[in-house]
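Student: The following block contains a protein sequence and its predicted model.
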Amino acid sequence: MDAILLAAQLVFQLDVLVTIVLAALFGLFVGSVPGLTATMATALLVPITFFMSPVAAIGAIVTCSAMAIFAGDIPGTLLRIPGTPASAAYTDEAYAMTRKGQGELALGANLLFSALGGLFGTAVLIVAAPSLAEVALQFSSFEYFWLACLGLTCATVVGSGSTIKGLVSLMIGLLVATIGLNNPAGVPRFTFGNVDLMGGIDFIAAMIGLFAVSEIFRYVLGMSADTSNVQAPAGNLFTGWGRLFKQYWRQSLRGNVLGTAIGALPGAGADIAAWVSYAVSKRFSKTPEKFGTGHVEGIIESTSSNNAALGGAWVPALVFGIPGDSITAIVIGVLYLKGMNPGPTIFINNPQDIYAVFLIFILANIFMVPAGWAAIKSARLLMRVPRNVLMPTILLFCIVGSFAINNSAFGISVMLAFGLLGFIMEENGFPIAPTILGIVLGPLLEENFVTSMIKSDGSFLGFFERPLAAGLGIITLAIWIVPLALYFWRRSRG
Amino acid sequence: MRINDAILGAVLLAFSLAVGVYARTFPAIPGQEYGASVFPTWISIALGLCSVVLIAGGMRQWAETGAVSLAPWARSGHHLRTLAITIALVIFYILASTPLGFIPTAFIALVILFGVLGVKPLQIPVLAAGITMAVHYGFYSLLRVPLPWGVLTPWAW
Amino acid sequence: MKRRTFVRTCALALTAVGGLLAMGQAPALAAYPERPITMIVPWGAGGGTDATARIVSSLLERTLGQPINVVNRTGGSGVVGHQAIASSAPDGYTLGLATVEIGMMHWQGLTQLTYADYTPLALMNEDPAGLQVAQDSPYNSAKDLLEAIRAKPGTMKASGTGQGGIWHLALAGMLQDADIAPQAVAWVPSQGAAPGLQDLVAGGVQIAPCSIPEARSLIDAGRVKSLAIMAEKRHPLFPNIPTLKEQTGIDWTMAAWRGVVAPKGLPDDIAQKLTSALKQVYDSAEFKDFMNQRGFGMVYASGEQFGTFMSESNDSLGKVMKAVGIARQ
């Protein structure tokens, strides 16, 4: 109990609170600009944290990353341009709501369920961190391989329209992921001697191209719907919340649990959590046919999930110093720097520091509501800007964002190429979301397959030897085979 | 502009064949039974199979849709020109931003694009300058993205 | 009508740019540095190299009185970033943090770049490889482990970096010096030390020959034990871990290093100014505190010495890589 009081004293200091507010604003800005990710926001904070107290430093990072993940939903919803990769899974759905004039409803739902997701992730972190980390640490390449396979299944669920075109889109993504040097063999593939290609195709630049630039192309061709005048009157953002929560608390809870679990696994973070949750939501929905037409159900589940994943990622980071995602990879460095060395002993030696971190998590997610509300209100103003001014400005943001990923013009070339690809694909009924999923999951799939085969000396049985792997493998195969079997069974009978 | 699936399928099939053949050239790694070529090969096979299905489906619809059904914009010279200018401006930025610097390049690109999209002429330079400087401030000064200075290097801040 | 105004605006803009271009031709170099400096890091934000670059930059900023922007140019196992450093203008406004990989990539045929493409400024850090096993591993010394490998080659696996990466080399070279075939332990490629260590704890691999600071949190958590350090001397921060030579008599050392470089052809006066500023940074209390906090090893060599160091590192890496078959034949 003393430790909690001490922690409260550490947190409720003027400098800490001011830092949190500033970090929140910074996170909102970075998250809502396409191309700037929550990871980048955190990295930018690191040199500043050198000069802060430990609690203020951690507070800044926690707040900033939570805000950035939420803020990524804003441009995604209003302009079909996801601000961070974690929003890409449900960008189309949210934008469809905007086209129906329900943009504010979508954003309000994003805000509420992001904050709830964040709080849930925090609660798990407080209650179960050590034991959950123990489980996460048992995952080896065999288990990750099956998880990646499960992730691929999402592609066929997420994309609307023809299944075969969804698969083609996924294969394009997987193929793009093989470009470069970053493969288990360490061999340059499809680089044609180009140094930039050796670094591979960055999926953020690709995402900006596929979503944002292709949308700009559609606009200049006079094909884009003008959504500036159809928005329902602002009204009170909070009034619909009670109804939404009552109707969708199950989805929210499922998203929270799944998001926290995926976040806690080292190597999978908020991006993957959002995809998986969206697919799960559609799979188990009573009205899957509404998905893709501007239906809030899937948005709620995946937006809950990506914010819950943030808390989950801290589980292995705090307990074992193993990063749960790219943000906590940076956090671990900062923890060492501030003398809060991660490890099981952190809960015993300096409990007040850990409780302070928890308190900040809670504060940040509560503060998200007013800050997010203000952001949504000001984003409305953005929608009143004439399109012929807004679209060129967004193009400039996209260009600078693609440049900022690796600080080179190569990112802009990638963006342009994928803009054209995305435009052609959508014109011909190929969904673009599976391509992104392919780029994200491709390396995970290949690495874990190759390393598993080395470990099992080339035997496929290795994928079923460990109990955890066997369980995941059977689930995956069942998900793949059962629908096919049912299909053929029905056909043979009728 | 909708192209018949059979044509797209044929293009994809050729592409996947090229990928599969090229992947054969990747070197083997001692100690790795499943080397660099395995994944690209598998993907190319899967993509090839998908394209065959696409071709089959496209052939069935050929009678109704024909090879290509043109969207309205594809017949509008104005729209096509706008698209070409937009793409050209991105390429211009890629090529010119390093020697010329961010501020002049972005300004020129915005002026041209605003002009093409029919923003009122008097507003164009003001808007272009304002947005360029705002983006520069946000990314260069706040986020420390190293936007190139180009010809303005002697005056860099 | 509208069209004509538009064309005129464009013409106006182009004239303005032309004027700027003309003005740009008159550089009057006052005392270096008179504008912000860029520090290129070939590795991602959040890693050890990035952290080192950021602390060096923030301290160098104070000494030189100009802002220094840290720029991550990642990908291609460091090739992209090292290339970016080498191909920028040698005017002192672009520096970079080179890493040990500069002496490895060209042997693998990934690039033409070598240490000779840079102006060496200062070596700042060196982290020797350690020999880590899981806490519940039956082996309690490097000697036991080596004997077990010798007795049953091909049964153990190791991880901690990509195929042909620095820790792969550390292990292969050690085996070779112990007269064991380098292929006796299969290498499982990973995206860095953290996933490799996780696999060690999960039981996927038996050895993780990464540096000790990378394994530190798991050592502290009682999940991993370090059997030896592949260095001449014990590490001052981890005095309980014996050297490989103490235990086995094998005189094999391997370390990852990081140092500040500039593109080749940097003018001497600028190089000197930077070297002395970097020396100040290295000697500062802040830098020492930071490196100790993170557990990073501190080694210094400036200018010429650093050049010689890189050249020696390059030759010895090449020799090992050829011997263990990682270099391109």
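Tutor: The structure has been received and is ready for your questions.
Student: what about the helices in the stretch 101-250 of chain C?
Tutor: When secondary structure is read from DSSP state H, counting those that start in this stretch, the stretch 101-250 of chain C shows helices at C:142-151, C:166-177, C:193-202, C:212-220, C:244-248.
Student: can you tell which of the ones you listed is closest to C:Ser313?
Tutor: Of all the helices of the stretch 101-250 of chain C, helix C:166-177 sits nearest to C:Ser313, with 10.7 Å by CB to CB. For every residue, glycine as well, the C-beta is placed using N, CA and C.
Student: count of neighbours near B:Ala14?
Tutor: Using other CB atoms under 10 Å in any protein chain shown, B:Ala14 is surrounded by 12 other residues.
Student: hmm, the helix or strand bottoming out on mean pLDDT in chain B in reach of chain A?
Tutor: Sorting the helices and strands of chain B by mean pLDDT, DSSP states H and E puts strand B:68-69 at the bottom, at a mean of 82. No. With CB under 8 Å from any CB of the partner chain as the measure, strand B:68-69 is seen stopping short of chain A, the closest distance being 10.4 Å.
Student: who does that strand pair up with?
Tutor: Sheet pairing here is set by DSSP bridges, and for strand B:68-69 it gives strand B:2-3 (antiparallel).
Student: Including distance to A:Leu175, could the helices of the stretch 101-250 of chain C go into TSV?
Tutor: Rendered in TSV, the data for the helices of the stretch 101-250 of chain C read as follows (distance: least, CB to CB, whole Å):
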stretch	distance to A:Leu175
helix C:142-151	39
helix C:166-177	27
helix C:193-202	24
helix C:212-220	33
helix C:244-248	44
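Student: hang on, the earlier thing: next SSE after the least confident helix or strand of chain B?
Tutor: Sequence-wise, the next helix or strand downstream of strand B:68-69 (DSSP states H and E) is helix B:77-100.
Student: Find the nearest non-adjacent residue to the residue in chain B sticking out farthest from the centre, please.
Tutor: Within chain B, B:Gly31 marks the point farthest from the mean C-alpha position, 38.8 Å out by CA atoms, centre = their mean. By the measure of CB to CB, 6 or more residues apart in numbering or on different chains, the closest residue to B:Gly31 outside its immediate chain neighbours is C:Ala186, 5.5 Å from it.
Student: Quick check: bridge partners of the spatially closest residue to C:His168 that is not a sequence neighbour?
Tutor: Taking CB to CB, 6+ apart as the measure, C:His168 lies nearest to C:Trp187, with 5.1 Å between them; neighbours along the chain are not counted. Taking DSSP bridges, one obtains C:Ala158 as the residues bridged to C:Trp187.
Student: shouldn't C:Trp187 be in contact with A:Lys455?
Tutor: No. Counting by CB atoms under 8 Å, C:Trp187 sits too far from A:Lys455 to count as a contact (10.9 Å).
Student: one step back: from what I see, the residue nearest to B:Gly31 and C:Thr155 are in contact.
Tutor: No. At 9.2 Å, C:Ala186 does not count as touching C:Thr155 under the criterion of CB under 8 Å.
Student: neighbour-wise, which of the two wins?
Tutor: More neighbours sit around C:Ala186 than around the other of C:Ala186 and C:Thr155, counting by other CB under 10 Å; the figures are 17 against 13.
Student: B:Val126: neighbouring residues, count only.
Tutor: For B:Val126, which is what you asked about, the neighbour count (other CB under 10 Å) is 9.
Student: Now do the same contact list for it.
Tutor: For B:Val126, the contact set (CB atoms under 8 Å, 6 or more residues apart in numbering or on different chains) is empty.
Student: Just send the helices of the stretch 101-250 of chain C back as CSV, with mean pLDDT too.
Tutor: Output for the helices of the stretch 101-250 of chain C, formatted as CSV (pLDDT from 0 to 100):
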stretch, mean pLDDT
helix C:142-151, 95
helix C:166-177, 93
helix C:193-202, 88
helix C:212-220, 88
helix C:244-248, 93
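Student: What's the local residue count around residue 111?
Tutor: Let's take chain A. Neighbours of A:Leu111 (other CB under 10 Å): 26.
Student: Correction: the question concerned chain C.
Tutor: For C:Thr111, using other CB under 10 Å, the count is 21.
Student: correct me, but it touches C:Ala84?
Tutor: No. Under the contact definition of CB under 8 Å, C:Thr111 does not touch C:Ala84, with a separation of 11.8 Å.
Student: helices or strands up against the single longest helix found in chain B?
Tutor: Once chain B is assigned using DSSP state H, the helix that runs over the most residues is helix B:38-65. In terms of contact count using 3 or more CB pairs under 8 Å, 6 or more residues apart in numbering or on different chains; DSSP states H and E, helix B:38-65 is assigned the packing partners helix A:163-177, helix A:433-455, helix B:5-23.
Student: hey, least reliable of those helices by pLDDT?
Tutor: Taking each of the helices and strands packed on helix B:38-65 in turn, the one with the lowest mean pLDDT is helix A:433-455, at a mean of 88.
Student: Only the buried residues of whichever helix or strand comes after that one, if you could.
Tutor: Beyond helix A:433-455 on the C-terminal side, the first helix or strand identified by DSSP H and E is helix A:462-465. Judged by neighbour count using 16 or more other CB atoms under 10 Å in any protein chain shown, the buried positions of helix A:462-465 are A:462-464.
Student: where's the dip in pLDDT among those residues?
Tutor: Lowest pLDDT within the buried residues of helix A:462-465 is found at A:Gly462 (86).
Student: I'd say that residue and A:Ser456 touch.
Tutor: Yes. Proximity of A:Gly462 to A:Ser456 meets the contact threshold set by CB under 8 Å, at 2.7 Å.
Student: how is chain A carved up into domains?
Tutor: With automatic domain parsing serving as the domain definition, the record reports that chain A contains domains spanning A:2-455, A:460-494.
Student: quick one, which of the ones you listed is nearest to C:Ala98?
Tutor: Nearest to C:Ala98, of all these, is domain A:2-455, at 15.9 Å by CB to CB.
Student: distance between the ends of that closest one?
Tutor: With CA to CA, to the nearest Å as the measure, the ends of domain A:2-455 fall 48 Å from one another.
Student: chain center to the least confident helix or strand of chain B, what's the gap?
Tutor: Average the C-alpha atoms of strand B:68-69, do the same for its chain, and the two points are 22 Å apart (CA atoms, centre = their mean, to the nearest Å).
Student: All set now, cheers.
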